[in-house]
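Colleague: Here's my sequence, what's the structure:
(one chain, ligands or ions: 2)
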Amino acid sequence: MGPANRKKKKQKEEEKKKSQEIEDKMKKDLENQNKKIKLLVLGTGESGKSTFLKQLMILYKGGFGKQDKALYTTTIRSNLIGHTKILIDAINELGIEVKSKSKKIMREFYEMEYYSSEDLTENVQSQITTLWQDPGFKEAYDRRSEFQLPDTANFYLNNCERISDPKFEPTQEDILLCRIPTTGVNVIQFTVDDRPWQVVDVGGQRSERRKWIHQFDDVSIVLYVVATSEYNQKLYEDQTVNRMHESLILFDQTANSDLFKEKNCVVLFNKIDLLKQKIKNIDLKVCFPEYTSGKNYEQACEFIKQKFLEVGRNTKRTIFTHFTCATDTENMRGVFDAVTTTVLEAELKKDGYI
Ligand SMILES: Nc1nc2c(ncn2[C@@H]2O[C@H](COP(=O)(O)OP(=O)(O)OP(=O)(O)O)[C@@H](O)[C@H]2O)c(=O)[nH]1
Ligand SMILES: [Mg+2]
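Modeller: Ligands and ions are numbered 1, 2, ... in the order given. From the prediction side, this is the model:
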């Protein structure tokens, strides 16, 4: 073979290689286009994971149907009774003074053993309303960091009459604020711009975390939710452990685990609406003695963020952060758009486009 023929052969081989490369890339792009994006939502109990999923239901699945609303009606009503009982117990334990009329109702609450949504009769509704108007009950609510009461209890107590109405149908806000601790796994699937998404929400309380391992396959991105307002609260599972400390330890175990240290990670610093209110009265020092910037919302946000970033610094990947209010639909729409961009950019980077 002469030099001209050799050159021609080499050129042909190179062209074939190039066209094979282009074909492979196109195939991969097509596969990627159809590949589901799996988002795993992690975090400690009550941080707001399921609330994020509820927002995705509203944004991408048309909201809540009749069946969902019936379930939330029952839960909201029984929660209302449950929260009243928690406040009664706290008043007794903390020795808070209440009016004699309230004392009588409190005794009746014990004797009648009110428990389920069916117990929320007109009479019980009027009793709860009377109790909630008693300054002693407001004092107990303000001291809720000394016992376990969901922050949203006051919303339902303020709306007791509406909720007790036989014709009550929960609004979007009622549902977003409703607390149902997750046991097991919630999965929601939907499509955004022709790309299928699967979002997996797990229970964050200690007893639930051992189930997490079953959800770790094919995860595209991990979303870690932190409740920024819980810096002065103790764990539901262990009254000796500060909730924010627990969240930091869990983030350390999650972000630095072999399974996740290569994965994209987004941290949602959630419940900023509650943090904004709380920080006016309670210094972040109660949780982090080294914090010296006082009762300042911006400084507290920055400090909390740095604490989590420090923990995640062991790995090379970027940790994306957002300050959020998971009960605010527009806020969550923006956050989910940003998460989408993060995932798509990471894919382009992996495929060598950027
Ligand atoms: N005010 C306020 N309340 C929030 C926010 N995010 C969540 N909540 C409320 O906090 C409570 C707990 O939220 P969930 O979404 O159930 O928490 P979770 O992380 O799923 O908890 P587990 O299932 O136990 O792990 C609910 O009553 C929510 O309505 C927020 O940003 N602001
Ligand atoms: Mg949950």
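
Colleague: residues from this structure in reach of ligand 2?
Modeller: Contact residues (Cβ under 5 Å from the ion) of the chain with ligand 2: 49-50, 182. The C-beta positions use only the backbone N, C-alpha and C, and glycine is treated the same way.

Colleague: Close to ligand 1 as well: tell me which of the residues you listed qualify.
Modeller: 49-50, 182 (Cβ under 6 Å from any ligand atom).

Colleague: contacting residues around the helix or strand containing Asp252?
Modeller: Under the criterion of DSSP states H and E, Asp252 resides in helix 243-255. Helix 243-255 is contacted from outside by 42-44, 46-47, 209, 222, 224, 226-227, 230-231, 233-235, 260-261, 265, 267, 287, 304, 307-308, 311-312, 314-315, 319, using Cβ atoms under 8 Å, 6 or more residues apart in numbering.

Colleague: In ChimeraX, how would I select the buried members of these?
Modeller: Buried residues among these (16 or more other Cβ atoms under 10 Å), as a ChimeraX selection:
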select :42,43,44,46,47,209,222,224,226,227,230,231,233,234,235,260,265,267,287,304,307,308,311,312,319
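
Colleague: does Lys285 really touch Asn296, like I thought?
Modeller: No: using Cβ atoms under 8 Å, Lys285 makes no contact with Asn296, being 11.7 Å away.

Colleague: Need the phi and psi values for Lys7.
Modeller: Backbone torsions for Lys7, taken as degrees, to the nearest 10, come to phi -60, psi -40.

Colleague: Check the gap between it and Asn242 for me.
Modeller: The gap separating Lys7 from Asn242 is 74 Å, by Cβ to Cβ, to the nearest Å.

Colleague: chain center to the helix or strand of the chain with the lowest mean pLDDT: distance?
Modeller: Lowest by mean pLDDT, DSSP states H and E among the helices and strands of the chain is helix 3-34, with a mean of 76. How far helix 3-34 lies from its chain's middle: 47 Å, per Cα atoms, centre = their mean, to the nearest Å.

Colleague: repeat for stretch 192-202
Modeller: With Cα atoms, centre = their mean as the basis, stretch 192-202 stands 16 Å off its chain's centre.

Colleague: residues making contact with it?
Modeller: Contacts for stretch 192-202 (Cβ under 8 Å, 6+ apart): 33-34, 36-42, 49-50, 52-53, 56, 60, 182, 184-191, 208-209, 211-212, 215, 340.

Colleague: try it again with 7 Å
Modeller: Stretch 192-202 is contacted from outside by 36-42, 49-50, 53, 56, 60, 182, 185-191, 208, 211-212, 215, 340, using Cβ atoms under 7 Å, 6 or more residues apart in numbering.

Colleague: Now do the buried residues in that stretch.
Modeller: Result for stretch 192-202 [16+ other Cβ under 10 Å]: buried residues 195, 197-202.

Colleague: what do you get for stretch 185-194?
Modeller: 186, 188.
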